[in-house]
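> Kindly generate the corresponding structure for this input.
(chains A, B, C and D)
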2 protein chains.
Amino acid sequence: MKTLRLNSNDRAVLLRSCFFERLPTAASSAILDDVVVSTHEEHDLLFAQGEALDHVFFVLSGLVRLYRLGKDGREADIAVFPKGELFGESAMFLGNRATANAQAIETTMLARIDSRKLRKLAERTPEIADALMQLLCRHAQMAEDCLAEDRLLTAPQRVASYILGNCPDGITNFSFRLPFQKNVLAGKLGLAPEALSRAFSALRRSGVTVKGRVIEIHDRQALERF
Amino acid sequence: MKTLRLNSNDRAVLLRSCFFERLPTAASSAILDDVVVSTHEEHDLLFAQGEALDHVFFVLSGLVRLYRLGKDGREADIAVFPKGELFGESAMFLGNRATANAQAIETTMLARIDSRKLRKLAERTPEIADALMQLLCRHAQMAEDCLAEDRLLTAPQRVASYILGNCPDGITNFSFRLPFQKNVLAGKLGLAPEALSRAFSALRRSGVTVKGRVIEIHDRQALERF
DNA sequence: GTTCTTATTTGATCGAGGTCAAACCACGAT
DNA sequence: ATCGTGGTTTGACCTCGATCAAATAAGAAC
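Residues are numbered from 1 along each chain as shown, chains lettered A, B, ... in the order given. Predicted structure coming up:
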């Protein structure tokens, strides 16, 4: 891991993100004031469950996976964060302890925001507090959505739901490129890679074509019904 | 559903709860100022997924279940809130729309806090904002814990984990009473009632005795190993 | 206590997905 | 173009937990 200062390009990425875009300039500047950037290689561990954690992380580029370890060494993905997302914020309110492991899925650059400082700033700046609450809420929703999908949907249905989540409504014919390896998608959906593969082949009958990372939908209705 | 005013006993319950206890008296009073109490019978629907929701709810007595519906009518529990818990707060940051259904599991009294007002108060009162952030965080953690347990543990392991969560550390011999029907516990753990029953009988071999709602542990170690 | 109703347990069966092994394919390096 | 490595798919098998049906137990109402 190498650390650098925040350059103006990184700064632009930060300011365009969902979290910062609604903040007044002064607030953003205060937060970004002493931010450091770190770079990580594929598979690098960013932090581990139970460890002290006094930063909140922003993904400047790359991809990060949040997961828990079972006693037997098996891993369960909690979330995957692409470029532009903020993560690790919940440790801030839970005694600065990480509740999961985080790993770089590919070469990744992170901006590290001092969490104590952020919390201080939130106290005096309602806009920051509000943005944090929205962030926490979104993350809670993501986890609840996952939980509900795990419990209600079969593997092909979860995959269908993922595809539909990437397809603008009203359109019936659509194609997009997976933002990561199938491997990673499988983890995110709580499936073994083999199960994901079989799910895709089950969806083929409903007009889904898979060529490498490119997914093509020919019949949105059929997917919704699945 | 019948609605009443907040009496002094209810008020005491509220002020002793995890959310309110850290707030300055002035802040609590401001929040509780125009709170109304509603009573609900077993099985009553409190609100439904997608509905407009402009209150945050506090469980004065009884038990509430939060769940999502699948296309086929099956239900997946997201959380169960006993007396003293606050719920429905995430709608406040998501356009005042409920993201799940809520149902009274038994006769229940709720205090209804106006969410717009609460949000306003949070803007001017850092302590309230902070308490809300902690609440959101706890709820996010609950969902993540559930998700990880669902993905990593078998049914008997989940039950063991639930029991251990109710057993103070360091003690090897312990007994407690389930705060709800096995039915409800099954839902909370993402199991069919039959599966819960079988899980209990699997744990019997590790020194767990179940008599009605009373669970008895004779060997904490064995449970932890399970 | 008796009876009725509702929870829980038990048995039997079935299907979704995990796991392991092997085939296959894609893509970067040479 | 060829080779090799690692991602992906396919096949075979097996386990866990869902489901349905039936038997019991536990409460509630009388």
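> and the closest residue in space to residue A:45 that isn't next to it in sequence, helix, strand or coil?
Closest residue to residue A:45 apart from its sequence neighbours, by CB to CB, 6 or more residues apart in numbering or on different chains: residue A:103 at 5.5 Å. In this view, the C-beta of every residue, glycine as well, is placed from N, C-alpha and C. Taken by DSSP: H, G, I helix; E, B strand; the rest coil, the conformation at residue A:103 corresponds to strand.
> Tell me the spacing between residue A:103 and residue A:31.
Distance of residue A:103 to residue A:31, computed by CB to CB, to the nearest Å: 25 Å.
> Any idea how many residues pack against residue A:141?
Using other CB atoms under 10 Å in any protein chain shown, residue A:141 has 17 neighbouring residues.
> tell me the contacts of residue A:80?
A:63, A:64, A:65, A:66, A:105, A:180, A:184, A:187, A:188 (CB atoms under 8 Å, 6 or more residues apart in numbering or on different chains).
> Which stretches in chain A count as strands?
Taking DSSP state E to define them, one finds strands in chain A at A:2-5, A:36-40, A:45-47, A:55-61, A:63-69, A:75-82, A:86-87, A:101-104, A:108-114, A:174-177, A:208-211, A:214-217.
> On the pLDDT front, check residue A:192 for me.
Per-residue confidence (pLDDT) for residue A:192: 96.
> related to what we said a few turns ago, for residue A:103 and residue A:31, indicate the residue with more neighbours.
residue A:31 (25 against 20).
> ok now do the more buried one, which residues does it touch?
With contact set as CB under 8 Å, 6+ apart, residue A:31 has these partners: A:20, A:23, A:113, A:117, A:118, A:121, A:128.
> Please produce JSON lines containing those, extended by pLDDT.
What follows is the contacts of residue A:31, written out as JSON lines (pLDDT from 0 to 100):
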{"residue": "A:20", "pLDDT": "96"}
{"residue": "A:23", "pLDDT": "95"}
{"residue": "A:113", "pLDDT": "96"}
{"residue": "A:117", "pLDDT": "95"}
{"residue": "A:118", "pLDDT": "95"}
{"residue": "A:121", "pLDDT": "95"}
{"residue": "A:128", "pLDDT": "95"}
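> Looking at the residues you listed, spot the one nearest residue B:143.
residue A:118 (22.7 Å; CB to CB).
> how close does that closest one sit to DNA strand C?
Residue A:118 is 37 Å from DNA strand C, where distance means CB to the nearest atom of the strand, to the nearest Å.
> so what's that residue up against?
Here residue A:118 is in contact with A:31, A:56, A:92, A:128, A:132 (CB under 8 Å, 6+ apart).
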